[in-house]
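S.K.: Attaching a predicted model along with its sequence, questions to come.
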Amino acid sequence: MTEKTLIRPARRSPLPSTDTEVGASADAVYERIVQAIMEHRLPPGTKLVEEKLSSVFRVTRTRVREVLLRMAHEGLVNAIPNRGSFIASPSIEEARQIFDARRILEPALVRKLVAHASAEDIKRLREHVALERQARAEDDRRAVIRLSGEFHLLMAEMVGNPQLTKVLRELASLTCLIILLYDSPNMPACPNHEHSELIDAIEARDEIAAVKSVTEHFDHIQQTLDLSGDDGPEIDLEDIFA
């Protein structure tokens, strides 16, 4: 994947690199970057320049490095010595592995929901799908992509296992990168009706149907992958996060 570098100068001077700051927390900076990935605003290969991010988020470069180190550990960022940090560009083989990982984890997740989901849980899931449907009706592609990914994270949160939620969040972000790299632009996210069918199976306490639904869901998404992705336009971090 060809790297995308930033050619426009920063509109604001970066803050001094000190440990005293009043800007965003590391978690907040992390969440903003991950959200940009999930909304396809940060394509694979984009260079994350420390100085630029420091200026954009009004934080020190020390805090930016903390975030980039976390993202590198999770596989969302490739840190290349003497060159910088870049949004990861998963290979075809890595894409297959990520989908395989989700096929292993998420059936176990839905089994727990079938056994323990409350009426309030079902209501929250249906409300979320309604938001997805509204975003599609408004042709809000970014919202559709974000909400589709968040549906799976919502299920994980309902199980009440923070470690599972953390792993699935990483996999969801990587899945967004894979879709951006290899999927058709006209099919950017999970089909809305498949989420509804999964909720129906969970509400009916039908474990076999729920597991079948979530497995076929990932099969369907993976079948849309191709090798026709291109480099796309150069990315300016200030435009994205301002």
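M.R.: Yep, it's here.
S.K.: ok, so what distance separates residue 130 from residue 159?
M.R.: 22 Å (C-beta to C-beta, to the nearest Å). C-beta coordinates here come from the backbone N, C-alpha and C atoms, glycine included.
S.K.: the more surrounded of these two?
M.R.: Taking other C-beta atoms under 10 Å, residue 130 and residue 159 do not tie; residue 159 has more neighbours (19 against 13).
S.K.: wait, what's in contact with the more buried one?
M.R.: Applying C-beta atoms under 8 Å, 6 or more residues apart in numbering, we find residue 159 in contact with 109, 112, 113, 116, 165.
S.K.: Domain map for this structure?
M.R.: Domain assignment for the chain, taken from automatic domain parsing, gives 1-89, 92-223.
S.K.: End to end on the longest one, go ahead and measure it.
M.R.: Domain 92-223 has an end-to-end distance of 13 Å (C-alpha to C-alpha, to the nearest Å).
S.K.: before we move on, back to that, of all the domains of the chain, which one is nearest residue 241?
M.R.: Judged by C-beta to C-beta, the one of the domains of the chain that comes nearest to residue 241 is domain 1-89, at 4.6 Å.
S.K.: Okay, the residue positioned nearest the centre of the chain and residue 88: tell me how far apart.
M.R.: The chain has residue 173 as the residue nearest its centroid, 2.6 Å off, counting by C-alpha atoms, centre = their mean. Here residue 173 is placed at a distance of 9 Å from residue 88 (C-beta to C-beta).
S.K.: overlap in contacts of those two?
M.R.: Contacts common to residue 173 and residue 88, judged by C-beta under 8 Å, 6+ apart, are residue 76.
S.K.: What is the burial count for the closest residue to residue 197 other than its chain neighbours?
M.R.: Nearest residue to residue 197 in three dimensions, chain neighbours excluded: residue 213, at 5.4 Å (C-beta to C-beta, 6 or more residues apart in numbering). Residue 213: 21 surrounding residues under other C-beta under 10 Å.
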